[in-house]
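Visitor: structure for the following, please:
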Amino acid sequence: MTEPVLVWIRRDLRLSDHAALAAGAKRGGAVIPIFLRDDTVTGIGAAPKWRLGLGIEAFAAALRDKGSRLILRSGDAREVIPALVRETGAGAVYWQRAYNPDAVARDTDVKSALKEMGCDAESFAGHVMFEPWTVETKQGDYYKVYTPFWKSVRDRHVAAPARAPSDLQAPEAWPESEQLQDWKLGTAMDRGARIVRPFVQLGEQAAQSRLGAFMASKVQDYERTRDIPGIDGTSNLSENLSLGEISPAQCWHAGLRAREEGKAGAETFLKELVWREFAYHLMWHTPRILDRNWREDWDAFPWNEDERRAEVKAWKQGRTGVRFVDAAMREMYVTGRMHNRGRMIVASYLTKHLMCHWRIGQKWFDDCLIDWDPASNAMGWQWSAGSGPDATPYFRVFNPETQLDRFDKDRAYVSHWIAEEFERPHEDALAYFDAIPRSWNMSPSDDYPDPIVGPGEGRKRALAAYEDRDF
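Guide: Numbering: from 1, shown residues only. Modelled structure (predicted):
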């Protein structure tokens, strides 16, 4: 094969364990990596779009080190990809699969158009370990509960991660490329970008280092420490997994090695990777999980859907007066991420204590998280609200005060992220006031607020609504 191959890069910003890139290199001709700014890029929120821009820049640099380039184009993939094929004389276009419904529809149309042109078009696995249509119950249905899903896949073979291609042949002439800075992917982050940037672990090499450090020292106690937000007890790999700077298979095999070495927390780490797989499994089979109640009878539940209400604003600002909630929200504005225990607490508080629709929180996370993942974010919110598959029962209302006593006994987490109550606040707590919009007009010298809804009051109101539900 001497015709060039286009490798369409999406949320897979790595060289190793990249099936589409490896297939392109193996084909024998020139390899032209391309990244397309279409609606799947322009439509995402401020923080994930900014983080994507950083990831693209790092991946482009990695390609340059290989003597290759990343070609940037904008527009509808149904038009831009065929046009690039004609422009370059490419004989094939390869890419790694996406699983959200808009991307699936787009990719199906592009593949059809390319085949009509006589161009080879092939998609590859890689963003998940287990293709959603390959995991079935004994009755041939999809799984709706996590534990049986885990039991179904835990002993499945996952191919060993592949090395990066040793050579990426360049074309005789590169096609024109747009300039990344002209895309202005970080504009909406405004001054928050400067605050969040030091917390970013950028690119494939950093992701591999992060995985190695976790397996070397933290995985042993992971089952216990992953629930304690005041210590660094998790892998923090969600940021890199979301953009494919590391593959789930690479994480899986590292976890298997740790389990074979007798490291106690490795099994729990593997289960967390499969929780992510379960989210993609559900998104594929029931796309409604992204924007509608997965349990359709919850459409009758009397949630508040008005985002302009004062309690919603207080929740977004980390000013609810409930320390666990506020600390978690402030962590997100400073780091771009939030500890998983914090995510459960803030989601439960919004949907149960404040009786607000989970979509309000989901959309806010869509805008604020650098580790944003459409499947995991949607499933997490519906799990907390009670409207999703395998969800926490609605009558299970997390008490943020007792949760704080259980998981932040010495208040290390709260004191790290809340400034108003301390004479010498932590620098990260102060950084929060530099990250938030100026229009919020907040200062560390402000008085810390009383709870807008106390734990007891909120629980009572939530349970009353649940008992009176008309479904």
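
Visitor: how's the protein carved up into domains?
Guide: 1-126, 128-159+193-285, 296-467 (automatic domain parsing).

Visitor: would CSV of those domains with mean pLDDT, mean neighbour count and distance to Gly186 be doable?
Guide: Using the backbone N, CA and C atoms, a C-beta is placed for each residue, glycine as well. What follows is the domains of the chain, written out as CSV (pLDDT from 0 to 100; neighbours: other CB atoms under 10 Å; distance: least, CB to CB, whole Å):
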stretch, mean pLDDT, mean neighbour count, distance to Gly186
domain 1-126, 96, 19, 4
domain 128-159+193-285, 97, 18, 5
domain 296-467, 92, 19, 11
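
Visitor: and those: which comes nearest Glu176?
Guide: For the domains of the chain, the distance to Glu176 is smallest for domain 1-126, at 7.9 Å, taking CB to CB.

Visitor: circling back to that earlier point, please identify which of the domains of the chain is closest to Trp183.
Guide: domain 1-126 (5.8 Å).

Visitor: I'd like the domains of the chain as TSV, with distance to Leu180 appended.
Guide: Shown next, in TSV, are those (distance: least, CB to CB, whole Å):
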stretch	distance to Leu180
domain 1-126	6
domain 128-159+193-285	14
domain 296-467	17
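
Visitor: tell me the SS of Val93?
Guide: Here Val93 is recorded as strand under DSSP: H, G, I helix; E, B strand; the rest coil.

Visitor: the closest residue to it other than its chain neighbours and Glu122, how far apart?
Guide: Leaving out its chain neighbours, the residue that sits closest to Val93 by CB to CB, 6 or more residues apart in numbering is Leu6, at 4.5 Å. According to CB to CB, to the nearest Å, Leu6 stands 11 Å off from Glu122.

Visitor: to Asp167, which of the domains of the chain lies closest?
Guide: Across those, closest to Asp167 is domain 1-126 (CB to CB), at 6.7 Å.

Visitor: chain center to that closest one, what's the gap?
Guide: 20 Å (CA atoms, centre = their mean, to the nearest Å).

Visitor: cool, and stretch 109-128?
Guide: 25 Å.

Visitor: quick revisit: where's the residue nearest to Val93, which helix or strand?
Guide: strand 5-9 (DSSP states H and E).

Visitor: need the contact partners of the very next helix or strand once past that strand.
Guide: Elements were assigned by DSSP H and E; along the chain past strand 5-9, the next helix or strand is helix 19-27. Helix 19-27 has contacts (CB atoms under 8 Å, 6 or more residues apart in numbering) with 1, 5, 7-8, 12, 15, 31, 33, 92, 94-96, 122-126, 162, 165, 167-169.

Visitor: and the next element down the chain from helix 19-27?
Guide: Moving toward the C-terminus from helix 19-27, the next helix or strand (DSSP H and E) is strand 31-37.

Visitor: direction included, what does that next one pair against?
Guide: strand 5-9 (parallel), strand 71-74 (parallel) (DSSP bridges).

Visitor: show residues contacting it.
Guide: Residues contacting strand 31-37 (CB under 8 Å, 6+ apart): 4-10, 21, 24-25, 56, 63, 68-75, 77, 80-81, 84, 88, 90, 168-171, 174-175, 178, 183.

Visitor: re the thing from before, out of the domains of the chain, which is closest to Thr187?
Guide: That would be domain 1-126 among those, by CB to CB, at 8.3 Å.

Visitor: Pro4 versus Ala113, what's the distance?
Guide: 18 Å.

Visitor: for the stretch 101-250 of the chain, just list every one of the strands.
Guide: Remark: strands assigned in the stretch 101-250 of the chain by DSSP state E, counting those that start in this stretch are 120-124.

Visitor: what's the separation between the nearest residue to Asp299 once chain neighbours are set aside and Arg106?
Guide: Nearest residue to Asp299, sequence neighbours excluded (CB to CB, 6+ apart): Asn293, at 5.5 Å. For Asn293, the distance to Arg106 equals 26 Å [CB to CB].

Visitor: name all residues that make contact with Glu204.
Guide: 13-16, 58-59, 62, 245-246.

Visitor: need the overlap of contacts for Leu6 and Glu122.
Guide: Contacts common to Leu6 and Glu122, judged by CB under 8 Å, 6+ apart, are 92-94.
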